[in-house]
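**Student:** everything below, folded, please.
(chains A, B, C and D)
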2 protein chains.
Amino acid sequence: MKQVRTTLAEVAAASGVSIATVSKVLNDHTDVAETTRRRVQQALHDADYRAPRRSSRRPERVASTEPTIEVAFPEWQNAYEVAVLDGLTSAAEAEGYEVVIGPRVRGEQIDFDPQALRRSGRAGAIFVTVDASRDPIKALSDTGFPVVVVDPVRVGRTQCVSIGATNFTGGVTAVEHLLSLGHRRIAHAAGPVSVECSHARLAGYHSALRQAAIEVDDTLVTHSLFTYDGGRAVAARLLDRPDPPTAVFAACDEIALGIVEEARRRSIRVPEDLSVIGFDDSFLASRSAPPLTTVAQPLLEMGRLAVRSLTQLIAGDVVATRHLELATHLVVRDSTAPLGGSGGVGAQRGVRESVGRS
Amino acid sequence: MKQVRTTLAEVAAASGVSIATVSKVLNDHTDVAETTRRRVQQALHDADYRAPRRSSRRPERVASTEPTIEVAFPEWQNAYEVAVLDGLTSAAEAEGYEVVIGPRVRGEQIDFDPQALRRSGRAGAIFVTVDASRDPIKALSDTGFPVVVVDPVRVGRTQCVSIGATNFTGGVTAVEHLLSLGHRRIAHAAGPVSVECSHARLAGYHSALRQAAIEVDDTLVTHSLFTYDGGRAVAARLLDRPDPPTAVFAACDEIALGIVEEARRRSIRVPEDLSVIGFDDSFLASRSAPPLTTVAQPLLEMGRLAVRSLTQLIAGDVVATRHLELATHLVVRDSTAPLGGSGGVGAQRGVRESVGRS
DNA sequence: GCTGCCCATCGAAATGTTTCGAAGTGGAGG
DNA sequence: CCTCCACTTCGAAACATTTCGATGGGCAGC
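**Tutor:** Residues are numbered from 1 along each chain as shown, chains lettered A, B, ... in the order given. Sure thing, here's the model as predicted:
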């Protein structure tokens, strides 16, 4: 009795159906009642079932073409995702995989057929900034198809491996930086409530403030999408208050840029009158006026790690952890300054990027 | 006893081995002796064994994948290219093509093997902002392999189809806009001399100035790469002159952003003290502070057109023209203002984007 | 209310595939 | 000539998947 792996038989017993039915659930056959399907999926998850490795030489493509990885993501014109894709493709090239652009993930909708993807001969799939708790991805991953998710909006309870950054610590870093510059009235332009990394960054914000014995003013915390326009909207509310903050920690660079622009429109100088710190260090941050101080995520590295994790899954190796987090670090540019702004415009602060601990 | 189909069990009995061994022969496993393998194959043939239909919706192995287009480009983290890729992939999806990310084009070096690409079974290839006069691309295209180049650095004398924008007209548009605001001392931060579209935009600049009977001051024309840092460098030279220009036409948005930042460092306000107009209308332009006035290239449309042209080539249709140009148009945002800057900072100009003719 | 039909659902059994260890083989070393 | 060891070859059993028929509930027709 080695019993090294849970089998369909056990799952079947646990959920009170036959082995055949469990198999059908796994393979998305239609002749299973919805209630039964759910019960079986629950049992599959509880028993931590994972598909047997169908031999490591599986991709079995015919000739010429290299094994292929499918990548799917919501948006092309997004500096964050593009940076991840950059790392991802370079690693794929190094490991001898082709990369094909998968189905477009539209908002909450992920419309693709897990069956088709499994049969298509792809060696694996990588999703970037999508909701990994959604059914198609769960279904795909739970059948043993190699799936890695980078910075999932939500993880849920799936088999798939996910990669992210230390969002909580990053939030702490950002606020500590502002505190060290003397700021006390620090707002947080957070991301959507529904997204997990928003929570982590917000928690970091709270934690750092409490650590500094500063009472948290919940009216200084706003929520918006991770977009420039979202940043514009929340900045309008924050800056037009009678008691505006002296510094804002934005949950991403795009939001930060929106805030910088709204400040400019009000003749509020950044960083002299208002410090703004972003998150991501996408290539937008280094090209703005002023260049953004930001908490950098190692986006290229996250992309590379995604490919390496995927190749492990493909090879059938057991991955030690289902979720990996890479360290963030502070990149100081010109959008933050000491409270009281001694500098004045054009103070010629160095462009050197100081790197702190995450 | 329906016995509609011969099974492995029968074959196994006939050839005197176990079912497992027959399965292995069928699946090309290595752990079967050559003599045994031959005996089993003979038996398989005699019994007219054929694989069971693995469900009717089985698309027969490799044929399942859609025809594939390879795309190659120099740089991921580049707003211009990403926008083109966006249009390109959406069109490919619509036309039923897969898109695979091809070899990375590094600077002047395009290291891929045209032979391998042709043999790989790709339906065609699209290159973005590469030098189409280089040997590998010429070689590929001249052998009849379908190739389309978007915004080639240089075209040379090849067979391949290229797609660009009306760069000359765009240059004229940009300068006419600045002239209409009253500017007379207009600099041009041009792109690299080696790149064809730089020439076209520069020629448009010259043409518009001559048209307005303004003498061209060649010291107001600088060259740099199409980068933010390039823009910073040339801006430093232009702005530190004793007689700085009142407006700059930058050959791309990245250069424009570099100029805006150098101006900020010198407390030169944009647009009150200096008007800056970019080129491309990549997503950087709409996210800067201030948002950039720019000459828009229809990047998405160019990507789509590239795919459509390629599908024509693949279908064997004769393409009427080897080079297509799409119209540019002016997008007015907040980085340009009338000479003499009536407005003052934060003048709350509308965000409306006025669209002019190219 | 009864009958018969349809159809969604499910499982037994047939079938194919993989794992893992047993058996065989050959050669180096004693 | 025997032993040991590494390697090849093979099959029993474990496992997964599919087929196809059984079951039973809903419902129209009578």
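**Student:** now stretch A:124-140: buried residues?
**Tutor:** Buried residues in stretch A:124-140, counted by 16 or more other Cβ atoms under 10 Å in any protein chain shown: A:124-132, A:134, A:136-140. (Glycine included, C-beta is placed from N, CA and C.)
**Student:** how far out from the middle of the chain is stretch A:323-338?
**Tutor:** Relative to the chain's own centre, stretch A:323-338 is displaced by 16 Å; criterion: Cα atoms, centre = their mean, to the nearest Å.
**Student:** need the distance between the two termini of that stretch.
**Tutor:** The straight-line separation of the ends of stretch A:323-338 (Cα to Cα, to the nearest Å) is 37 Å.
**Student:** and it, average pLDDT?
**Tutor:** Mean per-residue pLDDT for stretch A:323-338: 96.
**Student:** A:Phe127 and DNA strand D, how far apart?
**Tutor:** Going from A:Phe127 to DNA strand D by Cβ to the nearest atom of the strand, to the nearest Å gives 22 Å.
**Student:** ditto for A:His45
**Tutor:** Remark: distance between A:His45 and DNA strand D (Cβ to the nearest atom of the strand) = 15 Å.
**Student:** wasn't that residue part of a strand?
**Tutor:** No: A:His45 is assigned helix when assessed by DSSP: H, G, I helix; E, B strand; the rest coil, not a strand.
**Student:** okay, now it: neighbour count?
**Tutor:** Counted with other Cβ atoms under 10 Å in any protein chain shown, residues neighbouring A:His45 total 15.
**Student:** now swap in A:His29 and tell me
**Tutor:** Applying other Cβ under 10 Å, we find 14 other residues in the vicinity of A:His29.
**Student:** for it, phi and psi?
**Tutor:** Phi and psi for A:His29, reported as degrees, to the nearest 10, are phi -70, psi 160.
**Student:** contacting residues around stretch A:6-22?
**Tutor:** In this structure, residues lying in contact with stretch A:6-22 by Cβ atoms under 8 Å, 6 or more residues apart in numbering or on different chains are A:23, A:26, A:32, A:36, A:39-40, A:42-44, A:46-50.
**Student:** any of the residues you listed buried? List them.
**Tutor:** Among those, those scoring as buried are A:Leu26, A:Val32, A:Thr36, A:Arg39, A:Val40, A:Ala43, A:Leu44, A:Ala47, A:Tyr49 (criterion: 16+ other Cβ under 10 Å).
**Student:** can I get the residues you listed in TSV with distance to A:Arg154 and pLDDT?
**Tutor:** Below are the buried ones among the contacts of stretch A:6-22 laid out as TSV (distance: Cβ to Cβ, whole Å; pLDDT from 0 to 100):
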residue	distance to A:Arg154	pLDDT
A:Leu26	23	82
A:Val32	26	87
A:Thr36	26	87
A:Arg39	23	87
A:Val40	23	87
A:Ala43	23	86
A:Leu44	20	84
A:Ala47	23	83
A:Tyr49	22	81
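**Student:** in TSV: the residues you listed, plus distance to chain B.
**Tutor:** Shown next, in TSV, are those (distance: Cβ to the nearest Cβ, whole Å):
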residue	distance to chain B
A:Leu26	14
A:Val32	15
A:Thr36	21
A:Arg39	24
A:Val40	20
A:Ala43	25
A:Leu44	21
A:Ala47	26
A:Tyr49	22
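**Student:** specify which member of those residues is nearest to B:Ile69.
**Tutor:** A:Leu26 (33.5 Å; Cβ to Cβ).
**Student:** chain neighbours aside, what residue packs nearest to that closest one?
**Tutor:** Excluding its sequence neighbours, the residue lying closest to A:Leu26 (Cβ to Cβ, 6 or more residues apart in numbering or on different chains) is A:Thr143, at 5.3 Å.
**Student:** count the neighbours of the one you found for me.
**Tutor:** Using other Cβ under 10 Å, A:Thr143 has 20 neighbouring residues.
**Student:** from DNA strand D, how far out is it?
**Tutor:** On the measure of Cβ to the nearest atom of the strand, A:Thr143 and DNA strand D end up 7 Å apart.
**Student:** hang on, that residue packs against A:Val25?
**Tutor:** No: the pair A:Thr143 and A:Val25 fails to qualify as a contact (Cβ atoms under 8 Å) at a distance of 9.6 Å.
**Student:** residue contacts, the residue nearest in space to the middle of chain A?
**Tutor:** Geometric centre of chain A, nearest residue: A:Asp151, 1.9 Å, by Cα atoms, centre = their mean. When contacts are counted by Cβ under 8 Å, 6+ apart, A:Asp151 touches A:Val84, A:Val128, A:Thr129, A:Ser162, A:Ile163, A:Gly164, A:Ala165, A:Cys197, A:Met302.
**Student:** okay, it: pLDDT?
**Tutor:** pLDDT at A:Asp151 comes out at 91.
**Student:** distance of it from A:Ala165?
**Tutor:** 7 Å (Cβ to Cβ, to the nearest Å).
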